[in-house]
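Engineer: curious how this folds, go ahead:
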Amino acid sequence: MVMIRLARIGARKQPYYRIVVIEKDRARNGRSIEVVGTYNPRTNPASVDLKHERIAYWRGVGAQFTPIVDKLVKQHPAPAAVAA
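Structural biologist: Presented below is the predicted three-dimensional model:
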């Protein structure tokens, strides 16, 4: 099963996360399929950068969110398409 979850890349006591698409049974920081965003909880407010098109693609092919990533995606929805 494919999951969309957090992978920690920050230094000790300075967390910074990548939002990655990865096989469920791999290690937290194991080899991922694709990086689809970043999350920095140390800024005020926390900064979240998401690639909404890629997240939608992976959800379409059956990827599951972890609860934390699900919450982040709901809090930061994709911007509405601008009509030209």
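
Engineer: point out where this structure drops to low pLDDT.
Structural biologist: Per-residue confidence of the chain (counting by pLDDT under 70) places the weak regions at 81-84.

Engineer: separation between V73 and D25?
Structural biologist: 23 Å (Cβ to Cβ, to the nearest Å). Any C-beta I mention is one placed from the backbone N, CA and C, and that applies to glycine too.

Engineer: ok, now Y17?
Structural biologist: Computed as Cβ to Cβ, the Y17 to D25 distance reads 20 Å.

Engineer: give me the more crowded residue out of the two.
Structural biologist: Taking Y17 and D25 together and counting by other Cβ atoms under 10 Å, Y17 has the greater number of neighbours (20 against 8).

Engineer: ok, now which ones touch the more buried one?
Structural biologist: By Cβ atoms under 8 Å, 6 or more residues apart in numbering, the contact set of Y17 is 6-10, 38-41.

Engineer: ranges for the strands of the chain?
Structural biologist: In the chain, the segments counted as strands under DSSP state E are 2-8, 17-23, 34-40, 47-50, 64-65.

Engineer: which residues touch Y39?
Structural biologist: So, once contact is read as Cβ under 8 Å, 6+ apart, Y39 ends up touching 6, 16-19, 46-49, 72.

Engineer: make it 10 Å
Structural biologist: Under the criterion of Cβ atoms under 10 Å, 6 or more residues apart in numbering, the contact list for Y39 reads 6, 8, 15-19, 46-50, 68-69, 72, 76.

Engineer: residues in a beta bridge with the residue most central in space within the chain, which ones?
Structural biologist: Nearest to the mean C-alpha position of the chain, by Cα atoms, centre = their mean, lies I19 at 2.7 Å. Using DSSP bridges, the bridge partners assigned to I19 are L6, G37.

Engineer: sorry, back to before: and the contacts of Y39, which two are the farthest apart?
Structural biologist: Of all pairs drawn from these, the one with the largest separation by Cβ to Cβ is R8 and H76; the distance is 19.3 Å.
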